[in-house]
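**Q** here are the coordinates; sequence isn't available:
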């Protein structure tokens with residue numbers, strides 16, 4: 001039995017819809033030119049490339065997720081992935097005064113985020129932001145966090 005629970009960001013459907021629209025707008029003129037309908041000349045490469053890059057970026061952003069497992073938490077964002085054990089999580093909450101960061105899962109020791117496409121690229125991660133997710137103490141994500149580390153909500 002797989003105990004992995006995937007929690008996607010709250011605006012995932014909107015990002016996917018926007019990506020499809022942008023990709024269609026990027027590729028439609030080229031497609032119409034290739035089959036010889038309506039467009040009498042080839043579109044400028046930048047009018048295709050820029051929306052194509054934006055559409056792909058939106059699809060990649062729509063994959064942002066937190067995965068809870070019996071072992072720990074995994075965080076995936078824009079091609080980066082990070083994993084930490086439950087024992088490395090110190091608290092959930094707001095940052096100390098003077099630091100402008102939204103509510104997050106704070107880690108005792110930083111973990112390295114690996115870029116999935118280039119494994120040599122790594123960035124230290126001190127926290128897992130929760131503002132992108134449908135998070136509250138009673139949400140599905142909140143219940144999963146409480147299930148595996150109940151003392152997170154006592155501090």
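**A** Received, thanks. Quantities reported herein were computed from a predicted structural model and do not represent experimental measurements. Numbers count the residues shown, from 1 in each chain.
**Q** Spatially central residue in the protein, please.
**A** residue 64 (1.6 Å; C-alpha atoms, centre = their mean).
**Q** That one against residue 79, yeah?
**A** No - Residue 64 lies out of contact with residue 79 (C-beta atoms under 8 Å); the separation is 10.2 Å. Backbone N, C-alpha and C define where each C-beta goes, glycine included.
**Q** show me where this structure has strands.
**A** For the chain, the strands defined by DSSP state E cover 5-8, 65-68, 72-77, 80-85, 89-93, 104-115, 118-129.
**Q** got TSV for those, with mean pLDDT too?
**A** Conversion of those to TSV gives the following (pLDDT from 0 to 100):
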stretch	mean pLDDT
strand 5-8	90
strand 65-68	92
strand 72-77	91
strand 80-85	89
strand 89-93	85
strand 104-115	86
strand 118-129	82
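**Q** These: which one's closest to residue 51?
**A** strand 72-77 (22.7 Å; C-beta to C-beta).
**Q** Show me how far the closest one is from its chain's centre.
**A** With C-alpha atoms, centre = their mean, to the nearest Å as the basis, strand 72-77 stands 9 Å off its chain's centre.
**Q** Check stretch 82-94 too.
**A** 17 Å.
**Q** Name the single longest helix found in this protein.
**A** Ranked by residue count under DSSP state H, the longest helix found in the chain is helix 12-35.
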